[in-house]
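1. just need the structure, nothing else, for what follows:
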Amino acid sequence: MAAKKGVRIIITLECTECRSNLDKRSPGVSRYTTMKNRRNTTARLELKKFCTHCNKHTTHKEIK
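-> Coordinates of the predicted model:
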């Protein structure tokens with residue numbers, strides 16, 4: 001029996017500054033997980049979250 005895919009999916013948000021900046025406070029990339037409704041929000045999600053590696057609020061974008 002096949003599993004039915006739901007409307008809400010789990011996505012990963014990754015810091016955009018940690019990916020591009022090599023001169024940062026500590027090594028690593030800040031990542032958050034959240035859920036989104038696939039029918040209402042078809043585009044990639046972009047939120048401002050706190051990055052523990054940059055030690056400030058930065059833009060986090062949805063990754064695959």
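
2. where do the helices sit along the protein?
-> Assigned by DSSP state H, the chain shows helices spanning 16-20.

3. of all residues in this protein, which one is nearest the centre?
-> Nearest to the geometric centre of the chain sits Leu13, at 0.3 Å (C-alpha atoms, centre = their mean).

4. hmm, Arg31 and that residue touching each other?
-> Yes - using C-beta atoms under 8 Å, Leu13 is in contact with Arg31, at 6.7 Å. No exception for glycine: its C-beta is placed from N, CA and C like everyone else's.

5. against which helices or strands is the lowest-mean-pLDDT helix or strand in the chain packed?
-> Each helix and strand of the chain was given a mean pLDDT (mean pLDDT, DSSP states H and E); the minimum falls on helix 16-20 at a mean of 82. Here helix 16-20 touches strand 56-63, going by 3 or more C-beta pairs under 8 Å, 6 or more residues apart in numbering; DSSP states H and E.

6. tell me what the strand it packs on is packed against?
-> Right, strand 56-63 is packed against strand 8-15, helix 16-20, strand 46-51 by 3+ C-beta pairs under 8 Å, 6+ apart.

7. angle of the longest one against strand 56-63?
-> The one in question is strand 8-15. On the basis of axes from the mean of the first three to the mean of the last three C-alpha atoms, to 10 degrees, strand 8-15 is oriented at 130 degrees to strand 56-63.

8. can you give me the end-to-end distance of stretch 45-55?
-> 22 Å (C-alpha to C-alpha, to the nearest Å).

9. what are the buried residues along that stretch?
-> Cys51, His53, Cys54 (16 or more other C-beta atoms under 10 Å).

10. now render those residues as JSON lines, adding distance to Thr42 and pLDDT.
-> JSON lines is the format used below for the buried residues of stretch 45-55 (distance: C-beta to C-beta, whole Å; pLDDT from 0 to 100):
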{"residue": "Cys51", "distance to Thr42": "26", "pLDDT": "91"}
{"residue": "His53", "distance to Thr42": "30", "pLDDT": "85"}
{"residue": "Cys54", "distance to Thr42": "29", "pLDDT": "85"}
